[in-house]
Structures are given as structure tokens and as C-alpha cells.
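1. I'll drop the sequence and a predicted model, then ask my questions.
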Amino acid sequence: MKKILIIEDDSALREELATLLTNADYEAVQITDYQNVLQQLLQTDADLILMDINLPNANGETLLQDFRRQHDTPVIMLTSRTNEMDEVLSMSFGADDYITKPYNPTILLLRISAVLKRSAKVSAVQNYHDVEVSTVKGSLIRNGTEQVLTKNEMIIFQLLLDRMGEIVTRDDLMTALWDNDEFVNDNALSVNISRLRGKLSDLGFPDAIETRKKQGYVLR
């Protein structure tokens with residue numbers, strides 16, 4: 001049974017989420033103390049985290065950014081905000097998905113299922129030039145230097161690597177990331193591509209991902 005950690009300060013909504021998850025055969029765990037949320041996050045063994053952006057004594061996006069420096073557990077951000085920039089920021093800080101309140105319970109469960117499916121770990125080590133690509137750790141290692149990728153960045157890089165030298169369209173990437181075009185956000189894809197480019201550049205490959213206008217991307 002997959003364990004899902006709920007970080008939501010609205011007690012009614014938190015209980016509602018816990019009931020929804022339990023009825024869907026997930027183990028729901030709730031955080032109710034918001035004094036040391038990051039420490040609780042770092043100690044979690046949950047398979048996925050549902051996190052509200054607005055929390056007592058903490059900003060969800062900043063909390064996510066700090067968490068991502070040490071953990072790759074999938075995170076879905078929950079928010080009542082409808083500002084597109086909040087979504088872009090959440091994805092840039094490492095969120096695997098983002099859903100606004102009030103949410104449709106069926107849609108939320110579908111999102112959770114999709115993120116868990118994407119995050120399923122497969123033991124494999126590949127190479128990109130002289131870079132070791134670990135899909136288990138979600139990392140790229142070159143000459144002792146390691147760059148840890150988020151789940152979305154790893155999915156993008158894996159697809160580009162599998163089709164290295166070929167054009168991979170934005171539709172191909174978005175389908176791989178979100179399974180269903182209905183849930184695709186083009187800005188979030190651009191943010192993930194940009195962050196992946198930055199990490200490849202830090203490893204010595206500043207021009208690794210070539211943009212083909214109106215076509216897609218090519219990994220060189």
C-alpha cells in the first residue's frame with residue numbers, strides 16, 4: 001500500500017483528503033504540527049506528498065525548495081491560488097504536479113496515480129557521453145560531480161536520451177510527463193527544460209539540448 005503524506009493546515013480539508021485517500025486504498029498520514037515541517041518532511045518514508053502552498057510559519061514553495069535539496073519524493077502542490085506564476089514557481093522548485101482548490105476528487109486521484117506511476121523506480125544505469133545516468137537515484141554523475149534531477153527532469157532527460165540525435169516534440173515530452181494532454185501545462189515544461197539545461201551545463205554540456213523551433217528538442 002502506497003503511503004501519502006498530507007500537509008494541509010485546514011483540518012476539515014485535511015480530514016477530507018485523508019478519507020478520500022483511504023477509500024482509494026492509500027495509507028494517509030497527516031502532519032498537524034507546523035513548527036518543524038521541513039524536519040518532518042526529511043524524515044518521511046512516504047511515497048508521495050500532498051502539500052499546501054500556504055502553511056502556518058512556512059511558505060510551501062520555499063519548503064519544497066529546501067526539501068528538494070535532499071529528497072526526491074514526489075510532491076503535488078495544493079493551492080487556492082489561480083495565478084499561473086504560482087504554478088510555474090512550484091514546478092521550478094521541484095513539484096511533480098500542481099492542483100488548485102476546490103479540486104475534483106476523481107481528478108486528484110488520477111493525478112496522484114500518474115505521479116506515482118512516473119516515479120516508480122527502475123534499476124538502471126546508462127551513459128550520456130562520459131556522464132553516468134542513474135535512473136534509481138535520478139542523478140547525473142561526471143568526474144565525481146553529481147547533479148540530482150527532479151522526477152520530471154529525469155523523465156525529460158530519459159526520453160531525450162532514448163532518442164538521442166532525434167527530434168523529440170513538445171507533445172511527446174508532455175505526454176511522457178503527464179500521460180494525458182488534458183493536464184499539460186506548456187509553461188511548466190519550459191521551466192523543466194530550462195532547469196535541466198542548467199544542470200547539464202554545470203556538468204560541462206552547455207549546448208546539450210538543442211531547440212528546433214516549431215519542432216521540438218534534440219539531445220546532442
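-> Good, I have the coordinates.
2. hey, let's count contacts and neighbours off CA atoms from now on
-> OK.
3. got the domain ranges for this structure?
-> What automatic domain parsing lists as the domains of the chain is 3-119, 125-219.
4. export those domains as a markdown table, with columns for mean neighbour count and mean pLDDT.
-> Below are these laid out as a markdown table (neighbours: other Cα atoms under 10 Å; pLDDT from 0 to 100):
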| stretch | mean neighbour count | mean pLDDT |
| --- | --- | --- |
| domain 3-119 | 17 | 86 |
| domain 125-219 | 17 | 87 |
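5. packing partners for the helix or strand harbouring Gln39?
-> Element membership of Gln39, judged by DSSP states H and E, is helix 37-42. Counting contacts by 3 or more Cα pairs under 8 Å, 6 or more residues apart in numbering; DSSP states H and E, helix 37-42 packs against helix 60-68.
6. which residues touch the helix it packs on?
-> Surrounding helix 60-68, the residues in contact under the criterion Cα atoms under 8 Å, 6 or more residues apart in numbering are 38, 41-42, 51-54, 89-90, 93-95, 150.
7. and these, which is closest to His71?
-> Leu42 (7.0 Å; Cα to Cα).
8. which residues in this structure form helices?
-> 11-23, 37-42, 60-68, 84-92, 105-119, 151-162, 170-178, 186-202 (DSSP state H).
9. so which of these comes closest to Arg220?
-> helix 151-162 (8.9 Å).
10. excluding chain neighbours, give the residue nearest to Asp186 in space.
-> Residue nearest to Asp186 in three dimensions, not counting chain neighbours: Met174, with 8.0 Å by Cα to Cα, 6 or more residues apart in numbering.
11. residue contacts, Val218?
-> Leu160, Met164, Gly165, Glu166, Ile167, Val168, Ile209, Glu210, Thr211, Arg212.
12. I figured the third one hits Arg212, correct?
-> Pointing back at Gly165 there. No - contact criterion Cα atoms under 8 Å: Gly165 and Arg212 do not qualify, at 11.9 Å.
13. dump the residue contacts of Tyr103.
-> Here Tyr103 is in contact with no residue (Cα under 8 Å, 6+ apart).
14. now do the one 5 residues further on
-> Taking Cα under 8 Å, 6+ apart, we find Leu108 in contact with Ile99.
15. thinking again about what came up before, how close does the residue nearest to Asp186 sit to Leu149?
-> Separation of Met174 from Leu149 (Cα to Cα, to the nearest Å): 17 Å.
16. equivalent analysis for Ile112, please.
-> Taken as Cα to Cα, the span from Ile112 to Leu149 is 20 Å.
17. kindly report the same for Leu196.
-> 8 Å.
18. now the phi/psi pair for the residue nearest the centre of the chain, please.
-> For the chain, the residue lying nearest the average C-alpha position, counting by Cα atoms, centre = their mean, turns out to be Asp96 (2.2 Å). For Asp96, the backbone dihedrals (degrees, to the nearest 10) come out as phi -90, psi -20.
19. nearest to His129 among the contacts of helix 60-68?
-> When these are compared against His129 (criterion: Cα to Cα), the nearest one is Thr150, at 20.8 Å.
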